[in-house]
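Enquirer: 3D model of this:
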Amino acid sequence: MKAIKQEVGVTEAEKARQVHAALQIAQGAAPDAALPILNGLIGLVRSDSGDQPIEVDEARSSAFLAICEVGKALHRGQPAGPLWAAAITATDRWLALVT
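Expert: Below is the predicted model of the structure:
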């Protein structure tokens, strides 16, 4: 997977697209490979992109929390199937609001 952009000037839509693509890759990876991918997303999902509508901030926050839940489950060796779906759905909602 190519490096995830975290520089200033990346739009909210670009961040959401990068997160969505990375989640798709991580979901198909082994847990030990998926965890670093998820950790790399945190900066994109946590960062505030300026003056966004509250709906966008809430959607980004929901994606962040869902991704954290997947990471916790993988770290603990627990099943993450439904958690992946929740993370992707939350990211889809975020993406829909910014594109």
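
Enquirer: going forward, measure contacts and count neighbours with C-alpha atoms only.
Expert: Will do.

Enquirer: what sits against the most centrally placed residue in the chain?
Expert: Computing the C-alpha centroid of the chain and ranking residues by CA atoms, centre = their mean puts V19 first, at 4.3 Å. Contacts here follow CA atoms under 8 Å, 6 or more residues apart in numbering; on that basis V19 touches 41, 44-45, 91.

Enquirer: do the same with W94
Expert: Each residue near W94 by CA under 8 Å, 6+ apart is listed here: 16, 56, 59-60, 63.

Enquirer: repeat that for 7 Å
Expert: 16, 56, 59-60 (CA atoms under 7 Å, 6 or more residues apart in numbering).

Enquirer: tell me which of these fall in helices.
Expert: Judged by DSSP state H, the subset of the contacts of W94 located in helices is 16, 56, 59-60.

Enquirer: pLDDT wise, what is R46 at?
Expert: The confidence metric pLDDT takes the value 77 at R46.

Enquirer: neighbours around it, how many?
Expert: Here the count is done by other CA atoms under 10 Å, and R46 has 14 residues near it.

Enquirer: secondary structure element holding the residue nearest to P79 when sequence neighbours are not counted?
Expert: Closest residue in space to P79, ignoring its immediate chain neighbours: A73 at 6.5 Å, by CA to CA, 6 or more residues apart in numbering. Here A73 is covered by helix 54-76, with elements defined by DSSP states H and E.

Enquirer: give the rounded mean pLDDT of stretch 57-68.
Expert: Here the average pLDDT along stretch 57-68 is 95.

Enquirer: in that stretch, what counts as buried?
Expert: Of the residues in stretch 57-68, those buried under the neighbour-count criterion (16 or more other CA atoms under 10 Å) are 57, 59-68.
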